[in-house]
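Participant: With the sequence up front, the predicted model follows.
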Amino acid sequence: MAYSTKTDEKWQKIWEETGLYKFDPANVDKKLYCLEMFSYPSGANLHLGHWYNYALTDSWARLKRMQGFNVFHPQGFDSFGLPAENYAIKTGIHPKDSTYKNIETMEVQLKKMGATYDWDYEVITCDPEYYKWNQWIFLKLYEHGLAYRKKAPVNWCPSCKTVLANEQVIDGSCERCSSEVTKKDLTQWFYKITEYAQELLDCLPKLDWPEKTKKIQQNWIGRSEGAEIVFEGADGDFSFKVFTTRADTLYGVTYVVLAPENELVDRITTDEYKASVEQYRSFSKMQTEIERLSTTREKTGVFTGAYAINPVNGERVPIWIADYVLAGYGTGCVMAVPAHDERDYEFAQKYNLPIRRVIKGEEGIDDTLPFVEDGILIDSAEFSGIGSADSREGIVRKLNKQGRGEMKINFRLRDWLVSRQRYWGTPIPVIHCEHCGAVPVPEKDLPVELPYNVEFKPDGKSPLAKCEEFNNVSCPKCGKPAKRDPDTLDTFVCSSWYYLRYPDNKNSEQAFNTEWIDKLLPVDKYVGGAEHAAMHLLYARFFTKALRDMGYLHFDEPFLSLIHQGTILGPDGNRMSKSKGNTVSPDDYIKENGSDVFRMYLAFGFAYTEGGPWSDDGIKAISRFVGRVERLVAGAAELCSGSDAAAGNSSGDTACKSDTAMGSEEKELNYVRNLAIKGATEDTDRFQFNTSIARIMELVNALYKYESSGLKNKSLYLETVVDMLKLLAPFAPHLTEELWERLGKSYSIFNQSWPKWEKNALVRDEVEIVIQINGKIREKLMLPSGLDKAQTEETVMQDEKVRSLLEGMSVLKVIAVPGRLVNIVVK
RNA sequence: GCGGGAAUGGCGGAAUUGGCAGACGCGCUAGCUUCAGGUGCUAGAGCUCGCAAGGGUGUGCAGGUUCAAGUCCUGUUUCCCGCACCA
């Protein structure tokens, strides 16, 4: 019977019945935590991206298992979130019902893949048993000052009717529905990720992560060294700080600018300018993110009527407001130096504000204004003639003595806004009491369960606020009537710590047992999409560090080693999408070819981290290869059947009596065998699945060749077939388990040890040495291997053919690379 | 605008990190088997000149370093990704 889905079913059943992939909690010394980013249970079956991520990481996990690791490989569902809710709004089917149904479907699908998951450790984030601990972590963060409430202009998606995190705003549009995002003032919960900005940055270098991803995080955190400088108001009792990286240009300040949202604006605006300031403020609030972010847009702003004093020279400069100054960065105030900043220059030109040069370029440098490079100071009192870098320090030192300035480091990273005005999420465990304010729900009352009967059609109000029995409670502090926080937590909160819950998913007393997860964590290999570089992966790192500082765990980073799978494109080379009609559904292929053919094509057809366009021809090629392997093993099984294998001695790896001669053909087979072992081992380990399979194909080819050449050494042949099956096992688990059985071997191939390669077998008796003359290949010679540099050179230079090639030329130099080439430089 | 990555046959993709470019596979060509084949097997093949032996040329483009460059350096083009008024 040829390989098919029947084979898949047979072994999936046996694996389950025998508990083959159960994690052994007793043997944590050899633990290896292998994790893929868990999936959102969308309506449809597993798509290609899931397969690519999960099936191939599973191949890696299988390699590790055969190498003797006790692999912890859980799976679960990130099951809160907007799609279920949007689907509910469209169809009327409750998010809970659709979600659990989808989970069921996806579990079946995942099982059909034939992965090594231990489902005992499943985590489903919309289960109260899970989100209870989401709430608990909220309380802990709150206790430690890492969760707080503030009124802030937030990103608001008018279509989803919810606020969005900065990370969910893509080019000024909502990540989900692409509507233009506007600003809204709301009181929201934040997690204080900025507290960890420096550490999040500092730990990056030692992580085994793609450099690109580290770079993205580094940019996202955006550390910037500069100074905060105090400006006093000229007429009136106020002062404010500005942040600048260019304190050296302080003498060139001709005005200062506040963000329109800045609280100071109301206080300082003079009566004469009240109207225009108010008008401008409402104008800038109306701007969508897109309009505001447009770099081609002309800068706008208005004068407040107020003046400030430049602390370094006592000059009076006007205070403006303009929305090119961001409220959320630095102090929300900027000193404007139009001569040395492009934005200020543009603004000053438009509004006729003075432009004063205080930096000139070094000899020969074009320093046309705006000149934004470092240079030499001019017209800057005692700092004139000093370089930019030195005077930055000098000026701040001078101000510091007067208490008017200090060095300061700023981060681009903002605190993480976690409140969402949506239904399908973790209720925020806070009660708002008129008398006591925001009161955290006592731990013993967790979980705050998400009620089922809720009107969740979006209208800008949180759905939970409209649910009376949920909403109305008594204050835990004073007992008087109070109201629950009507918002739910961002779903990224769920995924920020699920990897901590997996190992201890049944714990009803704690989110996780510290001692236990200290043993199982950190995750040794984490695999998932690159799109999570700035959000999920940063949040998860923050959670780990925060929980560490609270004493709940004792490691610094959650994911030691990270890999991003590439994207599989449609056959036309475009991103798959329903509207383009270029989607490929795994199901049809699985049904026709079986899981293993599909898995192997995914492994072989692409560079894993690159991805690429889908090709049906590739599937056929693998299907053919599977046929070759089956026929080969069928022949091998027949060879065995007459011998001691059939006599019941089926547990060993050697079976048949035969000639044990090692002639050149045997050596060649053995060479390819060891090359394949080495290649498949090393390449699979580093997620280079395509080349691993290429080596195995070579081995299969070599086996055929040897078989057709007379098959003198049967035991070598059979041992090699056995090794080939083991090498193939991670990629084709069902097929190889079946063929393993057919060879009469004992269950299971996955309990076998991974083959090791012999160094000696990789050394051939003779090697081909390339002879170059002046860098051009002129001749190839077979030389005994193992010659050193001098011997190689000598042998080559004495060779007949080489001598005739060199006739009439004088040799200037000979470069010999043992085992590779000899380059003869001549004239 | 700033930052990062990539570019290799007709195609997917390799190349011990400076040492035979094109592994493995697809597609293609020729042959064999079966012959109804869309099955199986063997061989060929970067491009180009040549009947051939053989020569030339070749990793986006232009330079450079080196005995030797897909790989290192400089400049440049195109594409992808991230950030984007962050002071």
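Facilitator: Perfect, thanks for sending it.
Participant: And A:K780, how far from RNA strand B?
Facilitator: Distance, A:K780 to RNA strand B, by C-beta to the nearest atom of the strand, to the nearest Å: 6 Å. Just so you know, the C-beta spots here come from the backbone N, C-alpha and C atoms, and that holds for glycine as well.
Participant: Okay, now stretch A:309-328: how far is its last residue from its first?
Facilitator: 24 Å (C-alpha to C-alpha, to the nearest Å).
Participant: That one: how far from the chain's middle?
Facilitator: 40 Å (C-alpha atoms, centre = their mean, to the nearest Å).
Participant: Same question for stretch A:95-109.
Facilitator: 25 Å.
Participant: Over to stretch A:718-737?
Facilitator: That offset, for stretch A:718-737, works out to 32 Å (C-alpha atoms, centre = their mean).
Participant: what about it and RNA strand B, touching?
Facilitator: No - against RNA strand B, stretch A:718-737 shows no contacts by C-beta under 7 Å from any atom of the strand, the least distance being 12.6 Å.
Participant: quick one: terminal-to-terminal distance for that stretch?
Facilitator: Termini of stretch A:718-737 sit 16 Å apart (C-alpha to C-alpha).
Participant: what's the average pLDDT for that stretch?
Facilitator: If you average the pLDDT over stretch A:718-737, you get 96.
Participant: try stretch A:500-520
Facilitator: The model assigns stretch A:500-520 a mean pLDDT of 96.
Participant: For it, give me every contacting residue.
Facilitator: A:28, A:31, A:33, A:35, A:72, A:74, A:76, A:121-123, A:129-130, A:133, A:136-137, A:497, A:521, A:544, A:547, A:551-555, A:558 (C-beta atoms under 8 Å, 6 or more residues apart in numbering).
Participant: Show me these that map onto helices.
Facilitator: Cross-referencing the contacts of stretch A:500-520 against helices under DSSP state H gives A:E129, A:Y130, A:W133, A:W136, A:I137, A:T544, A:L547.
Participant: And the helices in the stretch 501-650 of chain A?
Facilitator: Using DSSP state H, counting those that start in this stretch, the helices of the stretch 501-650 of chain A run over A:514-520, A:536-549, A:586-593, A:595-604, A:616-641.
Participant: Could you do the stretch 151-300 of chain A as well?
Facilitator: Under the criterion DSSP H, counting those that start in this stretch, helices of the stretch 151-300 of chain A are mapped to A:197-202, A:211-221, A:264-268, A:271-286, A:289-293.
Participant: would TSV of those helices with mean pLDDT be doable?
Facilitator: Below are the helices of the stretch 151-300 of chain A laid out as TSV (pLDDT from 0 to 100):
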stretch	mean pLDDT
helix A:197-202	93
helix A:211-221	90
helix A:264-268	90
helix A:271-286	89
helix A:289-293	60
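Participant: Which among these is found nearest to A:M106?
Facilitator: helix A:211-221 (26.7 Å; C-beta to C-beta).
Participant: Could you say which one of the helices of the stretch 151-300 of chain A comes nearest to A:T99?
Facilitator: helix A:211-221 (29.7 Å).
Participant: helices or strands next to the closest one in the packing?
Facilitator: The helices and strands touching helix A:211-221, judged by 3 or more C-beta pairs under 8 Å, 6 or more residues apart in numbering; DSSP states H and E, are helix A:197-202, helix A:536-549.
Participant: Out of the ones you listed, indicate the one that is most buried.
Facilitator: helix A:536-549 (a mean of 22; mean count of other C-beta atoms under 10 Å).
Participant: Give the rounded mean pLDDT of it.
Facilitator: For helix A:536-549, the mean confidence score works out to 96.
Participant: so it versus helix A:211-221, what angle?
Facilitator: With axes from the mean of the first three to the mean of the last three C-alpha atoms, to 10 degrees applied, the angle from helix A:536-549 to helix A:211-221 works out at 70 degrees.
Participant: List of residues touching helix A:536-549?
Facilitator: A:37, A:137, A:140-141, A:144, A:146, A:191, A:193, A:196, A:199-200, A:203, A:213, A:217, A:220-221, A:416, A:492-493, A:495-497, A:499-500, A:522, A:553-559, A:562.
Participant: With stretch A:696-715 instead?
Facilitator: Stretch A:696-715 is contacted by residues A:625, A:628-629, A:632, A:635, A:639, A:654-663, A:665-666, A:668-669, A:672-673, A:675-676, A:680, A:717, A:720-721, A:723-724, A:727-728, A:731 when judged by C-beta under 8 Å, 6+ apart.
Participant: ranges for the strands of the stretch 101-250 of chain A?
Facilitator: A:123-124, A:147-157, A:162-164, A:169-170, A:173-174, A:182-191, A:223-233, A:239-244 (DSSP state E, counting those that start in this stretch).
Participant: Can you tell me which of these is most buried?
Facilitator: Highest mean neighbour count among the strands of the stretch 101-250 of chain A (mean count of other C-beta under 10 Å): strand A:162-164, a mean of 24.
Participant: Need phi/psi at the closest residue to A:G394 other than its chain neighbours.
Facilitator: Counting by C-beta to C-beta, 6 or more residues apart in numbering, A:G394 lies nearest to A:F383, which is 6.0 Å off, once chain neighbours are set aside. Main-chain dihedrals, A:F383, degrees, to the nearest 10: phi -90, psi -10.
Participant: Would you enumerate the residues in contact with A:F383?
Facilitator: By C-beta under 8 Å, 6+ apart, the neighbours of A:F383 are A:D248, A:Y251, A:L377, A:S391, A:G394, A:I395.
Participant: Neighbours of the residue lying closest to the second one once chain neighbours are set aside, how many?
Facilitator: What it means is A:Y251. The shortest distance from A:Y251 to any non-neighbouring residue, by C-beta to C-beta, 6+ apart, is to A:S380 (3.9 Å). Neighbour count of A:S380, defined by other C-beta atoms under 10 Å: 22.
Participant: Would you check the distance separating the helix or strand where A:V802 lies from the middle of the chain?
Facilitator: Using DSSP states H and E, A:V802 falls within helix A:800-805. Here helix A:800-805 is found 58 Å from its chain centre; the criterion is C-alpha atoms, centre = their mean.
Participant: and the next element down the chain from the least confident helix or strand in chain A by mean pLDDT?
Facilitator: Within chain A, confidence by mean pLDDT, DSSP states H and E is lowest for helix A:289-293 among all helices and strands, at a mean of 60. Next helix or strand after helix A:289-293 toward the C-terminus (DSSP H and E): strand A:301-309.
Participant: any idea how far the residue nearest to A:Y251 lies from RNA strand B?
Facilitator: 17 Å.
Participant: So for that residue, what pLDDT did the model give?
Facilitator: Looking at A:S380, its pLDDT stands at 91.
Participant: residues contacting it?
Facilitator: Per C-beta under 8 Å, 6+ apart, neighbours of A:S380: A:L250, A:Y251, A:G252, A:V358, A:S391.
Participant: Would you list the phi and psi of it?
Facilitator: Note on A:S380: backbone dihedrals following degrees, to the nearest 10 are phi -130, psi 50.
Participant: for A:A816, same thing?
Facilitator: phi -110, psi 130.
Participant: Not counting its neighbours along the chain, what's nearest it?
Facilitator: A:E793 (4.1 Å).
Participant: Am I right that the one you found falls within a helix?
Facilitator: Yes - counting by DSSP: H, G, I helix; E, B strand; the rest coil, A:E793 is part of a helix.
Participant: Remind me which helix or strand A:R673 belongs to.
Facilitator: For A:R673, the element it lies in under DSSP H and E is helix A:664-685.
Participant: following that helix, which helix or strand comes up?
Facilitator: According to DSSP H and E, the helix or strand after helix A:664-685 is helix A:689-708.
Participant: any idea how far that next one is from the chain center?
Facilitator: The answer for helix A:689-708 is 34 Å, by C-alpha atoms, centre = their mean.
Participant: Buried residues of that helix, list them for me.
Facilitator: Within helix A:689-708, the residues scored as buried using 16 or more other C-beta atoms under 10 Å are A:689-697, A:699-700, A:702-703, A:706-707.
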